[in-house]
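Visitor: return atomic coordinates for the entry below.
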Amino acid sequence: MQNVEKKTFSILKVLANSPEPLGSIVIARRLRDLGVGLGQRAVRYHLKLTDEHGLTNLAGRRDGRQITQLGLEELKQGMVKEKVGFSITRIEQLAVLTTFDADKQAGLVPVNISFIQRQDFQKALQIMAPVFSAHLCSSRLVMGSRSGEKIGDIIVPRDTAALVTVCSIVVNGALLRACVPVNARFGGLLQMQGHKPWRFVDLIHYAGCSLDPAEVFIKAKMTSVGQVVKNGKGSLLANFHEIPSICRPTAGEISMKLNKAGMNGIFIIGGVSEPVCEIPVEPGRAGMVVIGGLNPVAAVQEAGIEVESHAMSTLVEYKNLVPFEELLKEKRFKFHGSPGKRE
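Guide: Residues are numbered from 1 along each chain as shown. You can find the predicted model right below:
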């Protein structure tokens with residue numbers, strides 16, 4: 001039964017990632033790419049089950065299957081045991097896939113994707129502006145996309161616009177390329193006092209988490225990024241990592257190179273075996289606080305504008321990113337007319 005659920009879950013993932021209905025042949029091919037060995041006949045068998053449970057339906061006699069709203073909910077909520085530890089696995093995968101070279105300022109950069117209703121997009125950008133100016137995020141480099149456009153393998157939904165922000169994993173990737181092993185311990189809320197980091201007040205360990213901690217804190221409205229910008233006091237998103245103490249000088253050099261390339265992810269590198277922001281560090285290691293990439297988005301959520309964020313979402317080319325100020329000026333994101341209508 002568990003095996004059947006896992007295969008069904010994989011089929012639903014394939015259908016959810018497709019903008020059009022798919023037939024069993026195409027589904028079987030895409031499942032092979034995910035490492036799931038199901039033939040065409042087996043796929044048809046599982047599709048019959050998903051149809052009976054209302055998770056999929058037939059788009060037409062020759063058009064194939066499409067996932068239903070119920071199927072999307074099942075995909076989002078079900079199979080939690082399959083996702084335990086997802087965060088740490090995703091961090092490790094994206095760190096390996098990151099090819100960004102700070103010296104050449106080229107390569108693939110890990111990013112988060114946030115969807116905002118198009119009528120709220122300009123207002124959201126205005127709220128984010130002071131957060132970017134205060135460098136309270138991984139980078140001031142961003143990318144914008146309109147509905148129907150594709151970011152990696154993700155299509156921007158109708159009546160929304162997407163903001164692509166640099167993910168803090170860019171730091172992990174850069175350190176990994178410099179042969180510095182990183183132990184990503186947890187994501188948390190970093191309390192600020194007088195515009196300076198003080199202590200972590202909440203944390204979620206990556207190893208046992210099925211969601212990115214930043215998404216959890218944002219949805220729970222536990223951040224106060226806007227207050228940090230205004231008076232230097234409040235809580236923002238940050239991550240805590242450890243590195244071998246012998247690698248501290250290399251990490252410092254990497255931090256300076258990232259800064260020159262527009263990445264300001266590394267907030268603090270602690271001393272050898274010294275606590276950092278009241279977090280104890282193992283002997284022979286150094287603690288490192290990395291600023292969260294979704295802090296600007298957290299400020300938008302704090303202001304009452306709904307945002308659907310996907311942390312650690314995909315990778316984009318560094319050359320496609322632009323300074324946040326340029327995105328503010330882009331006319332194609334100054335929406336006019338009613339949602340759902342062509343402009």
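Visitor: quick check: which ranges of the chain have low pLDDT?
Guide: 1-4, 34, 61-62, 77-86, 208, 210, 336-343 (pLDDT under 70).
Visitor: now do the helices in it.
Guide: Along the chain, the segments classed as helices by DSSP state H run 2-16, 24-33, 40-52, 69-77, 80-83, 86-97, 118-133, 169-177, 213-219, 225-231, 248-260, 295-302, 324-329.
Visitor: which one of those helices lies closest to residue 289?
Guide: helix 169-177 (10.5 Å; CB to CB). (C-beta placed from N, C-alpha, C; glycine too.)
Visitor: next, the angle helix 248-260 makes with the closest one.
Guide: Helix 169-177 runs at 130 degrees relative to helix 248-260, counting by axes from the mean of the first three to the mean of the last three CA atoms, to 10 degrees.
Visitor: what residues does helix 169-177 touch?
Guide: With CB atoms under 8 Å, 6 or more residues apart in numbering as the test, helix 169-177 has contacts from 91, 94-102, 109-110, 138-139, 182, 184, 241, 243, 247, 250-251, 254, 257-258, 263, 265-266, 290, 312.
Visitor: show the buried residues in the residues you listed.
Guide: 91, 94-95, 98, 100, 102, 109-110, 138-139, 182, 184, 241, 243, 247, 251, 254, 257-258, 263, 265-266, 290, 312 (16 or more other CB atoms under 10 Å).
Visitor: wouldn't residue 160 be in contact with residue 145 here?
Guide: No. Between residue 160 and residue 145 there is no contact under CB atoms under 8 Å: 9.4 Å.
Visitor: residues in contact with residue 277?
Guide: By CB under 8 Å, 6+ apart, the residues touching residue 277 are 190, 197-200, 240, 268, 287, 289.
Visitor: quick one: which of those residues is most hemmed in?
Guide: Counting neighbours by other CB atoms under 10 Å, the top entry in these is residue 190, with 28 neighbours.
Visitor: apart from its chain neighbours, what residue comes closest to it?
Guide: residue 238 (3.9 Å; CB to CB, 6 or more residues apart in numbering).
Visitor: bridging residues for that neighbour?
Guide: In this entry, residue 238 is beta-bridged to residue 188, residue 291, by DSSP bridges.
Visitor: would you agree residue 313 is in contact with residue 115?
Guide: No. Using CB under 8 Å, residue 313 makes no contact with residue 115, being 10.7 Å away.
Visitor: ok, the spatially closest residue to residue 293 that is not a sequence neighbour - contacts?
Guide: By the measure of CB to CB, 6+ apart, the closest residue to residue 293 outside its immediate chain neighbours is residue 138, 3.8 Å from it. Residues in contact with residue 138 (CB under 8 Å, 6+ apart) are 165-168, 170-171, 263-265, 290-293.
Visitor: and the residue nearest to residue 190, how close does it get to residue 295?
Guide: Using CB to CB, to the nearest Å, residue 238 is found at 9 Å from residue 295.
Visitor: among the contacts of residue 138, who's most crowded?
Guide: residue 292 leads those on contacts (other CB under 10 Å) with 33 neighbours.
Visitor: list the contacts of that one.
Guide: Counting by CB under 8 Å, 6+ apart, the residues that residue 292 touches are 137-138, 168, 187, 214, 236-239, 298.
Visitor: swap in 6 Å and give it another go.
Guide: 168, 214, 237-238 (CB atoms under 6 Å, 6 or more residues apart in numbering).
Visitor: circling back: could you dump the helices of the chain into a markdown table and include distance to residue 335?
Guide: A markdown table is the format used below for those (distance: least, CB to CB, whole Å):
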| stretch | distance to residue 335 |
| --- | --- |
| helix 2-16 | 27 |
| helix 24-33 | 34 |
| helix 40-52 | 37 |
| helix 69-77 | 26 |
| helix 80-83 | 35 |
| helix 86-97 | 31 |
| helix 118-133 | 5 |
| helix 169-177 | 30 |
| helix 213-219 | 23 |
| helix 225-231 | 24 |
| helix 248-260 | 34 |
| helix 295-302 | 16 |
| helix 324-329 | 14 |
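Visitor: so what pairs up with residue 315 in the strands?
Guide: Beta-bridge partners, per DSSP bridges, of residue 315: residue 110.
Visitor: that one touches residue 112, doesn't it?
Guide: No. If you go by CB atoms under 6 Å, residue 315 and residue 112 don't touch, sitting 11.3 Å apart.
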